[in-house]
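Generate coordinates for the sequence data below:
(one chain, ligands or ions: 3)
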Amino acid sequence: MAFDVKEYAQALDSFIIQMEKIQDVINPDIQGAMEGLCQVLRIAKVEADFYENLGYEEQKWGGRAVFYHEGECDTDRGITYREWTEEGNLMQYGIYPYQGGEDWSETEHQKIEVFLKIFLAFNGRIRMQQVVERLTFRDQELGMYNMAWFMKKTNLIISQGEIGKYASCQFNMRHFSVINQRIGRERASRVLGKFVRQFQAMLSNQEMVCRVGGDNFIALFLKSSLNIVMEYLKGTSIVYDEKEGKHVCVKTHAGYYMIPANCDSAANIVECLGTALNMARNVRKSEYAFFDAELMQGIRVGKMIEANLPDALEKEEFHVYYQPKIQLKNYHLVGAEALCRWFQNGKVVAPGEFIPVLEKSKLICMLDFYMLEHVCRDIRRWLDEGKEVVTVSVNLSRVHMGDMDLLDNILAIVDKYQVPHKYIEIELTETGTDVELEHLKSLVSGLRREGISTSVDDFGTGYSSMNLIRELPWNVIKIDKSFLPDKSDDRLKRVMFRHLVSLAQDMEIECIVEGVENVEQIKLLKESNCFLAQGFYFDRPLAVNDFEKKLAQIG
Ligand code: C2E
Ligand code: MG
Ligand code: MG
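Numbering: from 1, shown residues only. Ligands and ions are numbered 1, 2, ... in the order given. Prediction:
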C-alpha cells in the first residue's frame, strides 16, 4: 500500500501539538492525540506493561496501560520496546497492527519507530515533571501534598473566583504522644498516615488535605462537606492490627475557617486557621474552634489584656482572694489557696478570662510573682499583728518551667518578707514535655529542701499523673473537682475517687479535694478517709478582710 508522506507529516504534527497539552502518563486524551497517526501507520493498538522490577515482571505482577485501541489487533506481529524509567521501573511498550492486515512496509516500520521514540520522549518529560512536582509539592514521608501545594492550589482557586465555595481547616492530633506510648512509634506513624489518607479518600478531587509538618495538616474542602469533615476529625477509629482487630481512636484539635468570597490570599487563610487552631488547642482546650467574629473579639481582648498588664500590676488592680481549706474532722480552717482577681474599672475579671492570655505571652510569670509577693506581704502583716496564720498555697503556671532561676526567685520573695517557709505551699500542674518534667523535678526537690511544700494541682486531669507522683517528692495531691462524684454520678466514678484517695494515702502524700459543694460529697470524702477539703460548700474565695475574719476565729 502506498504511504502518504504528506498525510503522515500532518498527523505527526497534530500528535505532537496534542501531546504537549497532556500532563499525565496515563490520560484518556492520549487516544485522541494518537488517532490520526495510528490511522496513517495502520496501528490497531499501543499499550505498555509496567513492572516495579524484573522479579515482578517474571511473576507478571504489574500493570497495563492501553494508550490507543481501535479494532482487532494482532499481537504476534507487533513491535515491542523495553525501557527503564528514572525511578527504576520497567516499561514494555507494544505497538500492534490490525488482525489480518498487510505487514508494515520498511518505511512504515521506520515511521513507527520514530513515533514510538517521540511518544517515549513525551512520557519521559511528563514523568520528569511529575518527579519534580513530587519533590516540590509532596511530603516525602507520607506521600501526600504539602504546604507549598496548598498555597499554589488555593491561590489558583482564589484567582478563579471560586474560593467562596470553600471552607478550610488546620488540625493536629490530640494526645498523639499517648498513642505513641501505647502502640509504639512505628505503628503510631502508620496510624497517622492511615488517618489522613482515609480523610483524603472521603473528599472529592476538588478538595485536598496537605501536610504542614509533623502531625500538622491543612485541608481545603467544599462548605457542603463541613459536617462530614468535622465528624471525621472529632474522632475516628483506626485499625492498626488487621489480624487481631486492634484499633485506636484518633482525635484532633482543629481550627476552621468558612472562607469568604472576597478572600484574596492563601496566606490570609493560613493565618486565620493558625489563630483558630491555637484557640482550640491552647486556650479553650476544645476539639475545635472557628475563626469568626467572636474569636476576633477574643483576640482583641487578649491584646488589650497584654497591653494593660504592666500598668495593672503597677496600679495593684490584681487582688489576692483566699479560699479556705478545711479539716473535716473538726471543720477548722487549716490552710488557704491564693486565687487571683482582677478589678478593672469596677468590674471583677475571673482568672479564666485572662490567665490563658497571659500564659500565651509568658506575662503570667510576672503575675505569679506578684501574687506570691502579695501573699508574703499579707502573711508578714498577720504575723506582725499576732494573728494565727495558716499555710497559703500559691499557683505557679507551668510556663515558668525552663526558668532556671525559678527556685531562687521564689526564695528571694519569701525571704524578703521573712515568712517562715512552712507557711508557703506552691501549687503546680502536670507538665507536658520531658524537659519540663526534669525542671519540675529539680524545682519540687529544691523547694522540699527549703521546707516549702508543693502540691500537684488538678491531679488526674493530665496524662502523666502516675509517673508524676512516683518520681517527684510532692507533699500534697489536690484531686480535681472533675473526679469528685456528685449525686448523679455512677458507681465507677465513686470507685475511681476512692482509689485515688487511697493511692495518695499509700504513698504517704497528703490529699485534698477541690470543688466540694454539698454534704453528700463531704460524706463521701469522710468515708474515703480524706479529711481535707476546699470548695464553695465552705467558702468561695474571699477578699483579704473577709479571710482575716476567718483567721481571727482560729485558736
Ligand atoms: P485552681 O488552681 O484549680 O483553683 C481552683 C478553682 O476552682 C478556683 O477557680 C476556685 O474558685 C474554683 N472553685 C473552688 N471551689 C469550687 C467549688 O466548690 N465549685 C466550683 N465549681 N469551683 C470551685 P478560679 O479562682 O476561677 O481560678 C481558676 C484557675 O485559674 C485556677 O484553678 C488556677 O489554675 C488559675 N489561677 C487563679 N489564680 C492564679 C494565679 O495567681 N496564678 C496562676 N498561675 N493561676 C491562677
Ligand atoms: Mg490551684
Ligand atoms: Mg485546681
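
And the pLDDT for the closest residue to Asn282 other than its chain neighbours?
Nearest residue to Asn282, sequence neighbours excluded (Cβ to Cβ, 6 or more residues apart in numbering): Lys360, at 6.7 Å. C-betas here are computed from N, CA, C, even on glycine. Note on Lys360: pLDDT of 80.

In contact with Lys360, which residues?
Residues near Lys360 by Cβ atoms under 8 Å, 6 or more residues apart in numbering: Asn278, Asn282, Val283, Gly302.

Just give me the neighbour total for Gly255.
25 (other Cβ atoms under 10 Å).

Only alpha carbons, please: show stretch 418-426 as CSV.
C-alpha atoms of stretch 418-426 as CSV (Å, rounded to 0.1, in the frame of the first residue of the first chain):
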residue,chain,number,x,y,z
GLN,A,418,10.9,36.8,106.4
VAL,A,419,8.0,34.4,106.0
PRO,A,420,8.7,31.1,107.7
HIS,A,421,8.8,28.6,104.8
LYS,A,422,6.2,26.3,106.4
TYR,A,423,3.5,28.9,105.6
ILE,A,424,4.0,28.7,101.8
GLU,A,425,2.9,26.0,99.5
ILE,A,426,3.4,26.0,95.8
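
May I see the buried residues of that stretch?
Neighbour-count burial for stretch 418-426, counted by 16 or more other Cβ atoms under 10 Å, picks out Val419, Tyr423, Ile424, Glu425, Ile426.

Check stretch 251-259 too.
So, applying 16+ other Cβ under 10 Å, buried residues of stretch 251-259: Lys251, Thr252, His253, Ala254, Gly255, Tyr256, Tyr257, Ile259.

looking only at pLDDT, what's the mean for it?
96.

Contacts for it, please.
163-164, 166-175, 223, 226, 230, 233-235, 269, 272-281, 286-292.

Give me the buried entries from these.
163, 166-174, 233, 269, 272-281, 287-291.

of all of the stretch 1-150 of the chain, which residue lies closest to ligand 1?
Closest contact between the stretch 1-150 of the chain and ligand 1, by Cβ to the nearest ligand atom, is at Met147 (35.0 Å).

how about the helices of the stretch 251-400 of the chain, start to end?
266-278, 293-314, 351-361, 364-384 (DSSP state H, counting those that start in this stretch).

dump the residue contacts of whichever residue of the stretch 201-350 of the chain sits closest to ligand 3.
Of all residues in the stretch 201-350 of the chain, the one sitting closest to ligand 3 is Glu337 (8.1 Å; Cβ to the ion). Contacts of Glu337 were listed using Cβ under 8 Å, 6+ apart, and they are Tyr322, Gln323, Lys325, Val392, Ser393, Asn395, Glu427, Gln534, Pro541.

Please report how far it lies from Ala533.
Distance, Glu337 to Ala533, using Cβ to Cβ, to the nearest Å: 12 Å.

What of Glu57?
76 Å.

swap in Tyr93?
For Tyr93, the distance to Ala533 - Cβ to Cβ - is 82 Å.

If you count surrounding residues, which of the two has more?
Ala533 (24 against 21).
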